[in-house]
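Enquirer: Model the structure of this input:
(chains A and B)
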2 protein chains.
Amino acid sequence: MRDVAIIGVSQTKFGELWDDSFRDLITDAGLGAIKDAGIEGGDLEAMYVGNMSAGLFVQQEHIASLIADHAGLTPIPCARIEAACASGGLALRNGIMAVASGFHDIVISAGVEKMTDVVDPTPAIATASDQEWEAQQGVTFPSLYAMMARRHMHEFGTTREQMAMVSVINHKNATKNPRAQYPMEVSIDQVMNSTMVADPLRLLDCSPISDGAAAAILCPAEDAKKYTDTPIYVKASAQSSGSLALHDRKKITTIDATVNAARKAFQMADMTPKNIDMVEVHDCFSINGILAIEDIGFVEKGKGGQAIEDGMTQLDGEIPVNPSGGLKARGHPLGATGIAQAAEIVWQLRGEAGKRQINNAEVGMTHNIGGTGGTAAVHILSK
Amino acid sequence: MRDVAIIGVSQTKFGELWDDSFRDLITDAGLGAIKDAGIEGGDLEAMYVGNMSAGLFVQQEHIASLIADHAGLTPIPCARIEAACASGGLALRNGIMAVASGFHDIVISAGVEKMTDVVDPTPAIATASDQEWEAQQGVTFPSLYAMMARRHMHEFGTTREQMAMVSVINHKNATKNPRAQYPMEVSIDQVMNSTMVADPLRLLDCSPISDGAAAAILCPAEDAKKYTDTPIYVKASAQSSGSLALHDRKKITTIDATVNAARKAFQMADMTPKNIDMVEVHDCFSINGILAIEDIGFVEKGKGGQAIEDGMTQLDGEIPVNPSGGLKARGHPLGATGIAQAAEIVWQLRGEAGKRQINNAEVGMTHNIGGTGGTAAVHILSK
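Expert: Okay, the predicted model is just below:
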């Protein structure tokens, strides 16, 4: 098995992008990554695209072929990888596997979602939960995470203010990210007085509906210096499944898939949480920003809220979380998120993150979740 | 890169399976393959599931997590792979890659589609074509293949009767396959007098709407004899993309993705068409049974119709095609087809194909297409 490096990344601006179609977005991201890697499109040998539901959002399946065709990449092999909101993380992992195995040398892993072409995206998003046991009973995604939040408050004394802080920090970071959907600061008061969505989660606890795409170019680690002076190396690529439906879990204050994937990733990289200089976590709802730092192991279970209140996760904190603005403020085009997280870590490790640059960062992590934790993908990247 | 073997396969009956839900079907297939391989579910290290559009057919994305949960396989990594009707072939290929790379040892590659839970499956199927340039203009799948058929007739003198023969042979083979959806013989006259769907294609030129699932268990070739006396080895796993939309192609009488994938597969296996003892081709419409044997290279371009008329593809012919009954008569649950094709070749190579057994078969091939050829996956398997 060969070591793998990331030699180019790109992300479109995330937002309500009325002027960009599905195929435009992903092609823009792909061309950006190709340019960033200093290669030609013809150098690519395979493509993996993370996408949750182009079928329901833009009535298009078979999207990998569409993209290869539109981008002039035929006849390379290409596949769509789907695991709800973790689709991007899995596309990254499958690209890594394709290079590690020796099947291919230069591979593009990308992610895309165009969510604003439907009147109501809620039913499409709900297909990431268990349709028969959750969605058809009227349970939406905010309400699933609201149950997790309420239980976390009950068990550990996590406060509404601590959850609000997750959003506050994300939005502050996003003001320094030109690709973010909502680059404006919000206050704890604003979060706590925003429209109620599913008690205790309010509008500003929830990641937005977003269009966007991101891409990364992978090659064997031994070849990476041919293309760039600043290759970023894949130290671990781990993935776990968990119960799709919430009612099947012993606990709803822990996401087992995160615990398992993180443990496996640390094992692969021969590292502990102390080795990680920054992390992009999957904070689709503010409570998940707390669960993530607990389940990965940066703090003990139940201490996440306090850690956030204490400033541990801020840009200049002990473990900066979501320098990009996270799902909450950078935006969350479902299939693109896992790749956008990797792009942020690459920019940080290269020292190209502008005003949100974290000093002396050597090792970064991405954490991408599908649904309420039916899937988790964790990657560790280093200089 | 390690060699890979198939040590277990399974297929549910294909048909209009009103009593089986999506999750039942895939779990049945998976358990069947696990039993066939003589392993325990706990031995599985990863799962790849081919599925075209559970989002549109049963309002469920995130299906790999659903299946892992329902089948008790959590926390193993699992992903859905999608490339329209080639989803199964790609799930097989990704499973092979996962084992070849050393990421995992024992992997299950499966495929499933539940198509009969919607009033009209046509719009969902149309999402395998180019939504903006084909489907939204009113072009359905039969009409796309009808254009290819009409042009093939015009350029090469292919006759209506020759196309009908593709269906006749498939249905004859299906009578010997207990898992086939339509195990009854049809005559050339019946095909040619069946309801017109899209001129020149009639109802009996078209594969049916099907529910079903199939699964295969993979492991490193060097370990295969631990599990079975009759491992089947993967000699080649090749894939190609092609133009999604028909109007972008220089020719519509050749599927470039098939040509490229087959060429690559022969190269990987160091074989030529003469080494292949039987093949399962993607005959979603009768014309595709003709295109496939030409594009793979069993006959020259334009000679496919005559070869079929001459009996070349019959069970006792020079190159038996679709001993299973093919997409036409075994049935075509989109995401399951690529895996079902591999299961048929495995049964044939093991000598377990019952009344449809081909004698002295040493090497078999599968050919799985997405859309009208936006994707093709070709595998070569041998004793």
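Enquirer: Only C-alpha atoms from now on, for both contacts and neighbour counts.
Expert: OK.
Enquirer: Any idea how many residues pack against the closest residue to chain B within chain A?
Expert: The minimum distance from chain A to chain B, using C-alpha to the nearest C-alpha, falls at A:Ser101 (3.7 Å). By other C-alpha atoms under 10 Å in any protein chain shown, the residues close to A:Ser101 number 24.
Enquirer: can you check A:Ser167 too?
Expert: Residues lying near A:Ser167 (other C-alpha under 10 Å) number 30.
Enquirer: roughly how far apart are it and A:Asp189?
Expert: Going from A:Ser167 to A:Asp189 by C-alpha to C-alpha, to the nearest Å gives 11 Å.
Enquirer: now do A:Glu294
Expert: In terms of C-alpha to C-alpha, A:Glu294 sits 25 Å off from A:Asp189.
Enquirer: And for A:Ala98?
Expert: The value you get for A:Ala98 to A:Asp189, if C-alpha to C-alpha is used, is 48 Å.
Enquirer: These two - which one has more neighbours?
Expert: A:Ala98 (28 against 11).
Enquirer: For the helix or strand hosting the more buried one, give the mean pLDDT please.
Expert: Assessed by DSSP states H and E, A:Ala98 sits inside helix A:87-100. In this model, helix A:87-100 has an average pLDDT of 97.
Enquirer: again with stretch A:261-272
Expert: In this model, stretch A:261-272 has an average pLDDT of 98.
Enquirer: Kindly export it (C-alpha atoms) in CSV.
Expert: Written as CSV, here are the backbone C-alpha positions of stretch A:261-272 (Å, rounded to 0.1, in the frame of the first residue of the first chain):
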residue,chain,number,x,y,z
ALA,A,261,-13.5,6.3,13.1
ALA,A,262,-11.3,8.7,15.2
ARG,A,263,-9.8,5.8,17.2
LYS,A,264,-9.0,4.0,13.9
ALA,A,265,-7.5,7.2,12.5
PHE,A,266,-5.2,7.8,15.5
GLN,A,267,-4.1,4.2,15.3
MET,A,268,-3.3,4.4,11.5
ALA,A,269,-1.3,7.6,12.1
ASP,A,270,0.2,6.5,15.3
MET,A,271,-1.0,9.7,17.0
THR,A,272,-3.2,10.8,19.8
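Enquirer: ok, now which ones touch A:Gly351?
Expert: By C-alpha atoms under 8 Å, 6 or more residues apart in numbering or on different chains, A:Gly351 lies in contact with A:357-358.
Enquirer: And for A:Asp251, the neighbour number?
Expert: In this structure residue A:251 is Lys, not Asp. 12.
Enquirer: Identify each buried residue in stretch A:293-301, please.
Expert: Using 16 or more other C-alpha atoms under 10 Å in any protein chain shown as the test for burial, stretch A:293-301 gives A:293-299, A:301.
Enquirer: among these, which are in helices?
Expert: Under the assignment DSSP state H, these contribute A:293-296 to helices.
Enquirer: Specify which member of the residues you listed is nearest to A:Thr140.
Expert: The nearest member of these to A:Thr140, counting by C-alpha to C-alpha, is A:Asp295 at 23.4 Å.
Enquirer: Was I right to think that closest one contacts A:Arg263?
Expert: No. Assessed by C-alpha atoms under 8 Å, A:Asp295 is found out of contact with A:Arg263, at 9.4 Å.
Enquirer: could you pull out the helices for the stretch 101-250 of chain A?
Expert: Along the stretch 101-250 of chain A, counting by DSSP state H, counting those that start in this stretch, helices occupy A:122-126, A:141-156, A:160-174, A:188-192.
Enquirer: Which among those is found nearest to A:Cys206?
Expert: For the helices of the stretch 101-250 of chain A, proximity to A:Cys206 was assessed by C-alpha to C-alpha; helix A:141-156 is nearest, at 7.5 Å.
Enquirer: returning to what we had before: would you turn the buried residues of stretch A:293-301 into JSON lines with distance to chain B and pLDDT?
Expert: Listed next are the buried residues of stretch A:293-301 as JSON lines, based on distance: C-alpha to the nearest C-alpha, whole Å; pLDDT from 0 to 100:
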{"residue": "A:Ile293", "distance to chain B": "20", "pLDDT": "98"}
{"residue": "A:Glu294", "distance to chain B": "19", "pLDDT": "98"}
{"residue": "A:Asp295", "distance to chain B": "15", "pLDDT": "98"}
{"residue": "A:Ile296", "distance to chain B": "16", "pLDDT": "98"}
{"residue": "A:Gly297", "distance to chain B": "18", "pLDDT": "98"}
{"residue": "A:Phe298", "distance to chain B": "21", "pLDDT": "98"}
{"residue": "A:Val299", "distance to chain B": "23", "pLDDT": "98"}
{"residue": "A:Lys301", "distance to chain B": "20", "pLDDT": "98"}
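Enquirer: out of those residues, who's nearest A:Met47?
Expert: Checking these against A:Met47 by C-alpha to C-alpha gives A:Ile296 as the nearest, at 29.3 Å.
Enquirer: Just the pLDDT for the closest residue to A:Arg150 other than its chain neighbours.
Expert: Leaving aside its sequence neighbours, A:Arg150 sits nearest to A:Pro200 (C-alpha to C-alpha, 6 or more residues apart in numbering or on different chains; 6.7 Å). If you check A:Pro200, the pLDDT there is 98.
Enquirer: next one: the one 4 residues further on
Expert: In this model, A:Leu204 is scored at 98, pLDDT.
Enquirer: what about it, how many residues close to it?
Expert: Using other C-alpha under 10 Å, A:Leu204 has 27 other residues around it.
Enquirer: Fine by me, we can end here.
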